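Undergrad: Please find the sequence and the predicted model below.
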Amino acid sequence: MNTIEDAKTYRGKDLETIFFRPMLTGPSAQELGIRILYNMPVPTTVQLWEGQRDILQKYDAAGWTGGASAKKFQKTIGLQRVKAEMGYAAADYFSLIYELVTNRADVNMDDLTGTELEQAETALFRKSIAEGIRVTSWIGNTALTKGFNTFDGFLKSIMGLSNSDEISTYNYERTFLNTPDNVIDILDNLWVRSTEQLKDLKADGQLVYFVTSDVYYAYEKHLDNKGADAAYNDYQNGRRSLSYHGIPLVDLRLSSYLIGSGYSESFAVLTDRRNLVLAVNTADFPGNEIRMWYNPDLMENRQRAVFMAGCEVLDPHALTFSYRLNN
C-alpha cells in the first residue's frame with residue numbers, strides 16, 4: 001500500500017463534530033486568545049447591554065416608579081464564504097499520513113485502515129485550515145487580489161478606527177526598539193491612553209496585550225537586564241509567558257505574514273479578549289462541506305473545504321493601538 005484512495009466527505013453534523021468543533025473549542029481556541037462564535041445564526045449579531053449605573057432608589061413610598069430601559073449596542077459580523085484546497089502527490093501524502101499514524105502508541109501496525117487513517121488525514125487538513133483562519137483573522141483584507149483576502153481581519157478594522165481618530169493611537173519609529181527598555185513606553189502608553197471603561201475591565205482578568213514578535217522579544221530583553229535571581233533563571237530557562245502589570249502579552253506570531261501585507265510589521269494592541277470576535281459557520285449555507293479524495297489520473301490526493309468566516313472589533317472604546325511608522 002503506497003496510496004490512500006478512500007474518499008471522505010463531511011457534511012452537516014459530521015462537519016461540525018468531527019472537523020470544526022475540535023478546532024474552535026478547547027485548547028485550540030485558547031491559543032487564538034479571542035472570542036469565538038461557532039455556528040451562530042446568520043446574520044451573526046452580538047449584543048452588548050449597558051445597565052444603569054445607579055439602579056438603587058430610596059424606599060420612601062409604596063409602589064414602583066419604573067426604571068429606564070437598558071441601553072443595547074448591537075454589531076453584525078459580516079460572514080464571507082471561504083474555500084480551502086490542498087493537493088499532495090500521492091506518495092508524499094501517504095508518507096505524511098503514515099508518519100502521523102505510526103507516531104501513535106496505540107496503533108495496530110498490521111492494519112492502518114479505518115479510524116486511525118481518517119483521524120490522521122483530518123488532523124493534517126484541520127491544522128492548515130486553523131492556521132489560515134488565525135492569520136486571516138488578523139491581516140485579512142478583501143481588497144487584495146491574492147493572499148489572505150477571504151475576509152477582513154482585525155488589523156483592517158483597527159487601522160480604520162485609528163485613521164479616523166476613533167481610538168487612541170501611539171506611534172514609534174523604526175529604531176525605537178533597538179533599545180529594549182523602550183518597550184515599556186509602548187506598553188505604558190497603551191494603558192495610559194486607554195479609556196476608563198477599558199481600565200475598569202482589568203478586574204475581569206480578560207485584558208491582554210496582543211503584540212508582534214519584535215515587541216515581545218524586546219520585553220524579554222528588558223526583563224533579562226534586571227539584576228534579580230529570577231531574571232537570571234529566566235534568562236537561562238526561558239519564560240512560558242510574559243505579563244506587564246498583571247496583563248498578559250500574547251505573541252501573535254505574524255512576522256513572516258506581515259512582510260508585504262501593507263500593514264505595519266510592528267504593533268501592539270491593548271484590549272479585552274472578548275472585544276475581538278471571530279465567527280465561523282458551517283451550518284447555515286448550502287454546500288458547506290469537507291472533502292478528501294484520491295485522483296488517479298493525476299496521482300494526487302486532494303482536500304477541499306467550504307465554510308463561512310468573519311471577524312469584528314465590537315467596541316472601539318475598549319481598545320488602544322500602537323504601531324511602528326515607516327514599517
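TA: Received, thanks.

Undergrad: Tell me the helix or strand right after the lengthiest strand in the chain.
TA: Using DSSP state E, we find that the single longest strand of the chain is strand 300-313. Next along the chain after strand 300-313, taking DSSP states H and E as the criterion, comes strand 319-324.

Undergrad: Need the contact partners of that next one.
TA: 158, 161-162, 167-174, 176, 186, 189-191, 193-194, 198, 264-271, 275, 313 (Cβ atoms under 8 Å, 6 or more residues apart in numbering). Bear in mind the C-beta positions are built from the backbone N, C-alpha and C, glycine included.

Undergrad: circling back: what strands line up against the longest strand of the chain, and which way round?
TA: Strands that pair with strand 300-313, judged by DSSP bridges, come out as strand 80-89 (antiparallel), strand 276-281 (antiparallel), strand 289-295 (antiparallel).

Undergrad: okay if I get those as CSV plus distance to residue 256 and mean pLDDT?
TA: Formatted as CSV, these follow (distance: least, Cβ to Cβ, whole Å; pLDDT from 0 to 100):
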stretch, distance to residue 256, mean pLDDT
strand 80-89, 19, 88
strand 276-281, 21, 92
strand 289-295, 27, 86
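
Undergrad: deepest of the ones you listed, which one?
TA: The highest mean neighbour count among the strands paired with strand 300-313, using mean count of other Cβ atoms under 10 Å, belongs to strand 276-281: a mean of 24.

Undergrad: That strand versus strand 319-324: what angle between them?
TA: Put simply, strand 276-281 runs at 100 degrees to strand 319-324, going by axes from the mean of the first three to the mean of the last three Cα atoms, to 10 degrees.

Undergrad: now strand 276-281, how far from the chain's geometric center?
TA: 9 Å (Cα atoms, centre = their mean, to the nearest Å).

Undergrad: contacts for it?
TA: Taking Cβ under 8 Å, 6+ apart as the rule, strand 276-281 contacts 20, 24, 32, 34-40, 42, 44, 46, 77, 79, 133, 137, 154, 288, 307-314.

Undergrad: Stretch 117-133 now?
TA: Contacts for stretch 117-133 (Cβ under 8 Å, 6+ apart): 4, 6, 8, 18-19, 22-23, 28, 84, 86, 96-97, 100-101, 148, 278, 280, 290, 292, 303, 305, 309.

Undergrad: Alpha carbons of that stretch, as CSV, please.
TA: C-alpha atoms of stretch 117-133 as CSV (Å, rounded to 0.1, in the frame of the first residue of the first chain):
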residue,chain,number,x,y,z
LEU,A,117,-6.2,6.8,8.9
GLU,A,118,-9.2,9.1,8.9
GLN,A,119,-8.1,10.9,12.1
ALA,A,120,-4.6,11.4,10.7
GLU,A,121,-5.9,12.8,7.4
THR,A,122,-8.4,15.1,9.2
ALA,A,123,-5.7,16.3,11.6
LEU,A,124,-3.4,17.3,8.7
PHE,A,125,-6.1,19.4,6.9
ARG,A,126,-7.5,20.8,10.1
LYS,A,127,-4.1,22.2,11.1
SER,A,128,-3.7,24.0,7.8
ILE,A,129,-7.2,25.5,8.0
ALA,A,130,-6.7,26.6,11.6
GLU,A,131,-3.5,28.5,10.6
GLY,A,132,-5.3,30.1,7.7
ILE,A,133,-8.1,31.3,9.9
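
Undergrad: Quickly list what residue 304 is bridged to.
TA: Going by DSSP bridges, residue 304 forms beta bridges with residue 85, residue 291.

Undergrad: who touches it in this structure?
TA: Residue 304 sits next to 83, 84, 85, 289, 290, 291, 292 when contact means Cβ under 8 Å, 6+ apart.

Undergrad: I'd like those residues laid out as TSV, including distance to residue 243.
TA: Shown next, in TSV, are those (distance: Cβ to Cβ, whole Å):
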residue	distance to residue 243
83	39
84	35
85	40
289	42
290	38
291	44
292	42
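
Undergrad: Looking at those, which one is closest to residue 12?
TA: Using Cβ to Cβ, residue 289 comes nearest to residue 12 of the contacts of residue 304, at 8.7 Å.

Undergrad: ok, now which ones touch the closest residue in space to residue 210 that isn't next to it in sequence?
TA: Spatially, and ignoring its direct neighbours in sequence, residue 210 is nearest to residue 269 (4.4 Å; Cβ to Cβ, 6 or more residues apart in numbering). The contact partners of residue 269, taken as Cβ under 8 Å, 6+ apart, are 154, 158, 190, 209, 210, 211, 319, 320, 321, 322.

Undergrad: Also residue 180?
TA: So, once contact is read as Cβ under 8 Å, 6+ apart, residue 180 ends up touching 218, 219, 221, 222, 225.

Undergrad: While we're on it, how confident is the model there?
TA: Residue 180 carries a pLDDT score of 94 in this model.

Undergrad: rewinding a little: for the residue nearest to residue 210, helix, strand, or coil?
TA: Following DSSP: H, G, I helix; E, B strand; the rest coil, the label given to residue 269 is strand.

Undergrad: picking up where we left off before, now go through the contacts of strand 319-324 and say which are in strands.
TA: Applying DSSP E to those, the entries found in strands are 169, 170, 171, 172, 267, 268, 269, 270, 271, 313.

Undergrad: most surrounded residue in the residues you listed?
TA: residue 271 (28 neighbours; other Cβ atoms under 10 Å).
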